[in-house]
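*Asks:* With the sequence up front, the predicted model follows.
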Amino acid sequence: MVNIVRRIYNLYFSKDKELARRLSSLMGFTPANLTIFKLAFSHRSNSSDEAPYAMQNNERLEYLGDAVLGSIVGEYLFKKYPNADEGFLTKMRSKIVKRKSLNKLGDKMGLDVILSEHNNTRLSRSMLGNAVEALVGAIYLEKGYDATRRYVVKKILMNYVDIHELEHYDDNYKSQLLEWCQKNGQSVNYKLLARYKYEKRDRFKVAVMIDGKKLATADDFNKKSAEQTASEKALVNLGVLTGEGEEEEDE
C-alpha cells in the first residue's frame with residue numbers, strides 16, 4: 001500500500017514527475033523509490049564534496065546491474081539453447097553484455113534523453129552503457145530478481161537484441177586481424193604505449209603493429225579490451241571491415 005501511494009505521488013506530484021513519467025513509459029511501471037532511479041542516471045562528473053562520493057553517482061548501481069544483467073542473460077541463453085556447449089553460451093553472453101553492445105542498447109532505449117537532463121557534462125557513448133547497467137541495478141533493488149529478469153528479457157532482449165544475428169556475428173577482432181595477416185604474409189603484434197591513472201583506475205593505451213608499423217591505437221581500462229578495439233580499427237583501416245568504427249571509450 002505504501003509503495004502504491006509513493007508511485008502515485010511520484011507520477012503526479014513529485015518535483016521529478018517528468019522523470020517518473022519517462023521511466024514509467026520505459027519500464028512499464030512507475031518507481032516507488034524515485035531517488036535511486038535518479039541516481040542511476042547521475043554520472044560521477046556531477047559529484048561534489050557535500051556527500052560521500054559513492055552516494056552521488058551511478059557507479060555502485062552499475063556494479064550491481066552488471067552482475068544481475070550477466071546472470072539474467074546467462075539464464076536466458078541457457079534455456080534458449082538447450083544443446084549448446086559452454087563455449088558458445090559464453091561467447092553469446094559476451095556479445096550481448098560487452099561495453100560496445102550496452103552502449104548501443106542505451107542509445108536504442110533513448111537513455112541519452114534522460115542522461116542529458118540529469119548531467120552537466122558532455123555525453124559519451126560509455127555513459128549510455130553505464131546507464132543500462134545502473135538502470136537494471138535500480139530495478140533489481142525496487143522489484144527483485146524475478147521482475148528484473150522479466151524486464152530484461154521482454155523489454156530489452158526481445159525488443160533491441162537480434163539473437164539470431166549474433167549467432168553468426170564474429171566480434172573477435174584480434175582473431176580476424178591475425179587471420180588476415182597470416183593470409184597476407186604479414187606479422188602482427190601489440191605494443192603497450194602507456195599505462196596511466198584515470199579516475200583512480202588504471203587505463204591502457206595500446207597500438208597494433210603490422211610489420212613493425214603502427215596501424216591503430218586504442219585506450220581502455222582493460223588491456224585486452226584495448227587490443228580488441230585497436231584490432232577493430234586496424235581492420236577498418238585495412239578495408240577488411242566497413243562501418244562507422246567505434247569511438248574510443250571516454251569515461
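*Replies:* Looks like it arrived, so ask away. Residues are numbered from 1 along each chain as shown.

*Asks:* show me where pLDDT drops low in the stretch 151-251 of the chain?
*Replies:* Residue ranges of the stretch 151-251 of the chain with pLDDT under 70: 199, 243-251.

*Asks:* right, and residue 59 touches residue 44 too?
*Replies:* Yes. At 6.2 Å, residue 59 counts as touching residue 44 under the criterion of Cβ atoms under 8 Å. Any C-beta I mention is one placed from the backbone N, CA and C, and that applies to glycine too.

*Asks:* Please enumerate the helices of the stretch 101-250 of the chain.
*Replies:* Remark: helices assigned in the stretch 101-250 of the chain by DSSP state H, counting those that start in this stretch are 111-117, 125-143, 145-151, 158-160, 163-167, 173-183, 223-237.

*Asks:* Now do the same contact list for the spatially closest residue to residue 196 that is not a sequence neighbour.
*Replies:* Spatial nearest neighbour of residue 196, chain neighbours left out: residue 203 (5.7 Å); criterion: Cβ to Cβ, 6 or more residues apart in numbering. Going by Cβ atoms under 8 Å, 6 or more residues apart in numbering, residue 203 touches 195-197, 219-221.

*Asks:* Would you mind giving me the PyMOL syntax to select the buried ones in the residues you listed?
*Replies:* Remark: buried members of these, expressed as a PyMOL selection using 16 or more other Cβ atoms under 10 Å:
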select buried, resi 219+220+221
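
*Asks:* Can you add distance to residue 101 and mean neighbour count and give the helices of the stretch 101-250 of the chain back as a markdown table?
*Replies:* Output for the helices of the stretch 101-250 of the chain, formatted as a markdown table (distance: least, Cβ to Cβ, whole Å; neighbours: other Cβ atoms under 10 Å):
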| stretch | distance to residue 101 | mean neighbour count |
| --- | --- | --- |
| helix 111-117 | 14 | 17 |
| helix 125-143 | 8 | 25 |
| helix 145-151 | 17 | 16 |
| helix 158-160 | 10 | 12 |
| helix 163-167 | 9 | 12 |
| helix 173-183 | 14 | 16 |
| helix 223-237 | 13 | 21 |
